[in-house]
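S.K.: when you get a sec, could you give me coordinates for this:
(one chain, ligands or ions: 1)
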Amino acid sequence: MQLVPLENGHMNLYSSLADNKKKFAVLVDPDKYNGTRLIDLATMAQKAMVSYLLVGGSLLAEDNLDQTLKIIKDHSDIPVIIFPGDVMQINSRADGILLLSLISGRNPELLIGKHVIAAPYLKKSGLEILPTGYMIIDSGRPTTASYMSNSMPIPHDKTEIAVTTAMAGEMLGFKLIYMDGGSGAQYSISNTMIEKVRENISVPLVIGGGIRSSKDASEKFRAGADLIVVGNAIEDQPALLEQIAAVAYTF
Ligand code: 1GP
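M.R.: Numbering: from 1, shown residues only. All right, here's what the predicted structure looks like:
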């Protein structure tokens, strides 16, 4: 993948995200990968030409983010995007950060409060900021994301709520819409919901949570996802990484 370097040396992630090609990101939870396991993952991701590595988590119990980013950067040149669960997860070793506003919820801290606290640090970080309308969709069981956000997810079958929320997010100026079942979701977001949201917005659509096979990934791409994010299934079965990367390149 060809990325355009910016003046500050970081890559222009948004242009790559919006180029209408299907993308695949592996979610790296710093609590779950370290040492050889992380090196193996970075090496495998490099070989399979994974589009991005997303690093972060709704709750990090270990203080491993910096070391995780360092190891990844030492072993691959895949663009790294922070997927922050908190303002503490800002780190200049990455290339960019999803600046998430939880538009599915009504918790003001996650809509704007944390962003005000983070803004000066983000400005200094040199990270490319990706303003993201983040939507948690109920996917069968409470997840860390749904619990930690202190907000109610959009019900799995309420497609019209997802559509109108995503539309409002785009109108408010978010550059990406990320619909997430949450890490470890029981089932992934329905293809119908993805199709309808895709029909009604024009910014890139990110889908994650509960994707456990290349067949699942393929269905989500076909329904209209531009970027698929997979975490848990690859932690359990690393070989899936190559299979899903291959699927993304068939579109
Ligand atoms: C969670 O979308 C990501 O925020 C990935 O979820 O770990 O279930 O793949 P999984």
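S.K.: what sits against the nearest residue to Gly231 once chain neighbours are set aside?
M.R.: Excluding the flanking residues, the one nearest Gly231 by Cβ to Cβ, 6 or more residues apart in numbering is Leu27, at 3.3 Å. The C-beta positions use only the backbone N, C-alpha and C, and glycine is treated the same way. Contact analysis of Leu27 by Cβ atoms under 8 Å, 6 or more residues apart in numbering lists 54-55, 83, 183, 208, 229-231.
S.K.: let's see that with 10 Å instead.
M.R.: 52-57, 83, 183, 208-209, 229-235 (Cβ atoms under 10 Å, 6 or more residues apart in numbering).
S.K.: just the ones in helices from those residues, please.
M.R.: Judged by DSSP state H, the subset of the contacts of Leu27 located in helices is 232-235.
S.K.: which among these are in contact with the ligand?
M.R.: 232-233 (Cβ under 6 Å from any ligand atom).
S.K.: which one of the ones in helices among the contacts of Leu27 has the most neighbours?
M.R.: The most crowded member of the ones in helices among the contacts of Leu27, judged by other Cβ atoms under 10 Å, is Ile234 (23 neighbours).
S.K.: so Lys220 touches Arg212, yeah?
M.R.: No - shown here, Lys220 and Arg212 do not form a contact pair, counting by Cβ atoms under 10 Å, at 11.3 Å.
S.K.: for the helix or strand that contains Glu219, C-alpha coordinates in PDB please.
M.R.: Using DSSP states H and E, the element containing Glu219 is helix 214-223. Extracted C-alpha coordinates of helix 214-223, given in PDB (Å, rounded to 0.1, in the frame of the first residue of the first chain):
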ATOM      1  CA  SER A 214     -12.800 -15.100   6.700                       C
ATOM      2  CA  LYS A 215     -16.300 -15.800   5.600                       C
ATOM      3  CA  ASP A 216     -17.600 -13.300   8.200                       C
ATOM      4  CA  ALA A 217     -15.100 -10.700   7.000                       C
ATOM      5  CA  SER A 218     -16.100 -11.300   3.400                       C
ATOM      6  CA  GLU A 219     -19.800 -10.800   4.300                       C
ATOM      7  CA  LYS A 220     -19.000  -7.500   6.100                       C
ATOM      8  CA  PHE A 221     -17.000  -6.200   3.200                       C
ATOM      9  CA  ARG A 222     -19.800  -7.200   0.800                       C
ATOM     10  CA  ALA A 223     -22.400  -5.400   3.000                       C
END
